[in-house]
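>>> pasted the sequence and its predicted model underneath.
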Amino acid sequence: MTFTKLKEKYRASRVFRWSVDLTVMLGIVLVIGAFQTRNHPRGAAPSYTFTTLEQAPVALSSLAGKPTLLAVWAPWCGVCKAESGNVSRARAWLGERANVVSVATAFNDVSEVRQYMAEQGVDYPVLLAEEDFQRVMHVEAFPTVFVLDSQGRIVSSVQGYTTTLGLVWRALWAG
């Protein structure tokens, strides 16, 4: 098909126009997402130990056994607040098929984390990370979600707001 015929078809068919436009937009979104996460680790997850709100240690490696969504956020982050309900719904929809865990970082005091949890109605597990976690995982913006497969390997990541369906799809895809 020649370029002229494609152009005519584009102008004549609404369905064809929509298909082309959606394909181009999806391509742009995928390229931007790949660029944003280009420095995130892939493969074996780094050895890292978080703490719970009660100061109990939790090793990242202990989450192996099923796919894991690791949602990284900061208490002052407005986009994180908007995504919090999505993380909660993803946890409910996934049930026992995947771990849905959040990691609070970039805070001065645990009281900030507790306040965020109360304001957002957080009903998913929250782990606390030291500032070095951002360096170890190359977190450059919040929120960031890492997806680990059942062997504990990082298979993908996404930076910025993610919908509930996006979170669920990523967890099921990793499984």
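Good, I have the coordinates.
>>> so for the helix or strand hosting residue 24, mean pLDDT?
Residue 24 belongs to helix 14-36 when assigned by DSSP states H and E. Mean pLDDT, helix 14-36: 76.
>>> could you name the helices and strands sitting against that helix?
Secondary-structure packing of helix 14-36 (3 or more CB pairs under 8 Å, 6 or more residues apart in numbering; DSSP states H and E): helix 3-12, strand 153-159. For the C-beta atoms, the positions are set from N, CA and C on the backbone; glycine is no exception.
>>> just say which of these is most tucked in.
strand 153-159 (a mean of 18; mean count of other CB atoms under 10 Å).
>>> just the CA coordinates for that strand, please, in CSV.
The C-alpha trace of strand 153-159 is given here as CSV (Å, rounded to 0.1, in the frame of the first residue of the first chain):
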residue,chain,number,x,y,z
ARG,A,153,14.0,-11.3,40.6
ILE,A,154,13.1,-7.8,39.5
VAL,A,155,11.3,-8.2,36.2
SER,A,156,10.0,-4.7,35.6
SER,A,157,9.4,-1.3,37.1
VAL,A,158,7.3,1.8,36.5
GLN,A,159,7.7,5.3,37.7
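>>> for that strand, the distance to its chain's centre please.
Its chain's average C-alpha position is 7 Å from that of strand 153-159, according to CA atoms, centre = their mean, to the nearest Å.
>>> picking up where we left off before, residue 46 is nearest to which of the helices and strands packed on helix 14-36?
strand 153-159 (8.7 Å; CB to CB).
>>> before we move on, the earlier item: now the element after the helix holding residue 24, going C-ward?
strand 43-44.
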